[in-house]
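Predicted structure and sequence below. I'll ask about it afterward.
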Amino acid sequence: IPTFHCRPIMVDQLRMDAKNLTRTIMARLQEHPSQFLLPMNLKVSGLDFIPGEQSLESLDSVDETLEIFHAILSSLHMDNMEQILSDIENLRRLLHALSSLLGCNAQKSVHPDTLGNLTEEYAKSPFTTEKVALDR
């Protein structure tokens with residue numbers, strides 16, 4: 001005899017929660033105090049490891065992109081990032097739950113070489129690296 005009763009999590013509810021959390025993260029990133037603005041036509045080299053506007057084809061690719069951004073943002077020395085990092089981790093957990101409910105394969109982990117030369121590029125141009133990471 002079960003001692004408690006609970007309802008199963010609905011896929012639609014998880015999707016809605018993920019969309020809302022994504023909007024929250026985007027709003028927080030847009031409101032984050034940036035030290036300076038980069039010109040729109042500026043070409044930055046050496047930061048190709050920071051994902052840009054590519055099409056995300058699956059929950060795996062979304063999770064991998066979030067994992068990369070979490071690693072990058074947590075390694076940069078920016079103020080007021082704790083809540084954004086927490087939101088990204090919560091979004092990844094929502095996506096893992098959604099993936100599990102939909103019967104998708106296990107998530108793959110980002111390899112350390114995916115982050116490329118983050119330490120070197122950050123040492124050379126910390127403000128540019130921070131700005132590019134937040135903008136993407």
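Received it, and whenever you're ready, just let me know what you need. Numbering: from 1, shown residues only.

Tell me how many other residues crowd the closest residue in space to residue 25 that isn't next to it in sequence.
Excluding its sequence neighbours, the residue lying closest to residue 25 (Cβ to Cβ, 6 or more residues apart in numbering) is residue 87, at 4.8 Å. Any C-beta I mention is one placed from the backbone N, CA and C, and that applies to glycine too. Counted with other Cβ atoms under 10 Å, residues neighbouring residue 87 total 18.

list the contacts for residue 87?
For residue 87, the contact set (Cβ atoms under 8 Å, 6 or more residues apart in numbering) comprises 21, 24, 25, 28.

any idea which of those is the one closest to residue 10?
The closest of the contacts of residue 87 to residue 10 turns out to be residue 21 (Cβ to Cβ; 16.2 Å).

remind me which residues of this protein are low pLDDT?
1-9, 32-57, 76, 105-136 (pLDDT under 70).

need the helices for this protein, in chain order.
11-31, 59-75, 82-101, 118-124, 126-135 (DSSP state H).
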